[in-house]
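Engineer: 3D model of this:
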Amino acid sequence: MIAAAGSAEKLALAEARGADHLIDYGEEDLRARVKEIAADHGKTGADVVFDPVGGACFTAAMRAAAFEGRLVVVGFAAGDIQQIPANILLVKNLDVIGFAWGVYASADPDVLRHSFRTLAEMYEAQQLQPHLGRRLPVEEAGEAYRLLESRTVAGKIVLDIGAADEGGGEGDDDSGDKDGDSAGGGAEA
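Structural biologist: Reported below is the predicted structural model:
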């Protein structure tokens with residue numbers, strides 16, 4: 001697995017979570033590095049690209065995709081919604097898959113309910129261990145969104161509904177990661 005991120009903190013988290021290869025796309029040519037890593041494994045590019053960033057990162061990753069590769073678009077954390085050149089899709093026979101899980105709330109709520117139930121069961125069984133980047137009291141929701149927009153938190157940002165009542169929520173979590181970041185952290189309540 002290749003992980004690409006824009007900071008050493010994000011890359012360290014990706015490595016700790018099992019990434020085999022790390023690319024700092026602020027310092028390295030993403031396309032060239034992916035192709036180089038793929039060639040070392042007898043491939044022409046990435047088989048699957050999971051992209052929560054968008055913009056220039058998506059374009060570079062798409063160009064680094066292997067013939068008949070798949071690109072999964074899950075967000076635009078960079079703020080730029082890219083235009084996808086159809087000629088690249090055609091000559092590489094690429095599949096581009098959009099995935100916006102929130103749409104299921106209206107399109108197919110049963111799928112969403114089932115998915116959340118399954119995720120909750122996996123979490124309870126400790127099969128999922130999401131990285132908690134920051135915990136804030138719900139009264140600091142504005143700060144949580146500022147942190148998301150700045151892309152400076154690695155992992156999830158959790159708004160703690162009970163933090164104000166319990167005197168908690170200083171903005172730190174139990175992991176000691178106070179200001180890491182990830183390409184696509186989320187806010188949860």
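Engineer: L22 against L11, yeah?
Structural biologist: Yes. Between L22 and L11 there is a contact under Cβ atoms under 8 Å: 4.5 Å. All C-beta spots, glycine's among them, are computed from the backbone N, C-alpha and C.
Engineer: so what does the strand ranked longest in the chain touch, helix or strand wise?
Structural biologist: The longest strand of the chain (DSSP state E) is strand 65-73. On a contact count with 3 or more Cβ pairs under 8 Å, 6 or more residues apart in numbering; DSSP states H and E, strand 65-73 meets strand 46-51, helix 55-63, helix 86-92, strand 95-98.
Engineer: save those as a markdown table, and put in distance to R113 too.
Structural biologist: Formatted as a markdown table, those follow (distance: least, Cβ to Cβ, whole Å):
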| stretch | distance to R113 |
| --- | --- |
| strand 46-51 | 24 |
| helix 55-63 | 31 |
| helix 86-92 | 34 |
| strand 95-98 | 21 |
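Engineer: closest to I157 out of these?
Structural biologist: When the helices and strands packed on strand 65-73 are compared by Cβ to Cβ, strand 46-51 sits nearest I157, at 19.9 Å.
Engineer: and the angle for the closest one with helix 55-63?
Structural biologist: 160 degrees (axes from the mean of the first three to the mean of the last three Cα atoms, to 10 degrees).
Engineer: outside of strand 46-51, which residues touch it?
Structural biologist: Outside of strand 46-51, the residues within contact range by Cβ atoms under 8 Å, 6 or more residues apart in numbering are 2, 34, 38, 57-58, 61-62, 64-66, 69-75.
Engineer: switch to 10 Å and redo it
Structural biologist: With Cβ atoms under 10 Å, 6 or more residues apart in numbering as the test, strand 46-51 has contacts from 1-4, 31, 34-35, 37-38, 57-62, 64-78, 82, 94-97, 99, 183-184.
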